[in-house]
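[1] no FASTA, just this:
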């Protein structure tokens, strides 16, 4: 009778391959702007960059007001 707890190399290799494939699929979905998740991620990144640039411009223009949304609450 075969030991039920013995590791099966073929099963382990197949499982690892499928896990890597799923991880790559999810990562690609986040980058792809044709999907809802990817588009949301891209727009959030653009929004953050624009906000950061606007805060910098206001700070260098002599204005000291920093929008509440741009302040770091943990600083």
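    Yep, that arrived. Everything quoted here is computed from the prediction, not taken from an experiment.

[2] quick one, longest helix in the chain?
    helix 36-60 (DSSP state H).

[3] in it, what counts as buried?
    By 16 or more other CB atoms under 10 Å, the buried positions in helix 36-60 come out as 41, 55. The way it works is simple: take the backbone N, C-alpha and C, and place the C-beta from them, glycine included.

[4] now do that helix: distance to the chain's middle.
    Helix 36-60 sits 15 Å away from the centroid of its parent chain (CA atoms, centre = their mean, to the nearest Å).

[5] what's it packed up against?
    Applying 3 or more CB pairs under 8 Å, 6 or more residues apart in numbering; DSSP states H and E, we find helix 36-60 packed against helix 9-31.

[6] for the helix it packs on, give the mean pLDDT please.
    Averaging the model's pLDDT scores along helix 9-31 yields 90.

[7] which outside residues touch it?
    Residues from elsewhere that reach helix 9-31 (CB atoms under 8 Å, 6 or more residues apart in numbering): 35, 37, 38, 41.

[8] nearest residue to the third one in space, please, no chain neighbours.
    Going back to what we said before, that points to residue 38. residue 32 (4.2 Å; CB to CB, 6 or more residues apart in numbering).

[9] try the first one
    When the adjacent residues along the chain are set aside, residue 35 lies closest to residue 29, with 5.3 Å between them (CB to CB, 6+ apart).

[10] residues near that neighbour, how many?
    For residue 29, the count of nearby residues is 14 (other CB atoms under 10 Å).

[11] returning to what we had before: burial check on the residue nearest to residue 38, number of neighbours?
    13.

[12] now it: how far from residue 42?
    Separation of residue 32 from residue 42 (CB to CB, to the nearest Å) stands at 9 Å.

[13] how about residue 19?
    Distance of residue 19 to residue 42, computed by CB to CB: 26 Å.

[14] on that earlier part again, between the contacts of helix 9-31, which sits nearest residue 54?
    Lowest distance from residue 54 to these (CB to CB) belongs to residue 41, with 20.6 Å.
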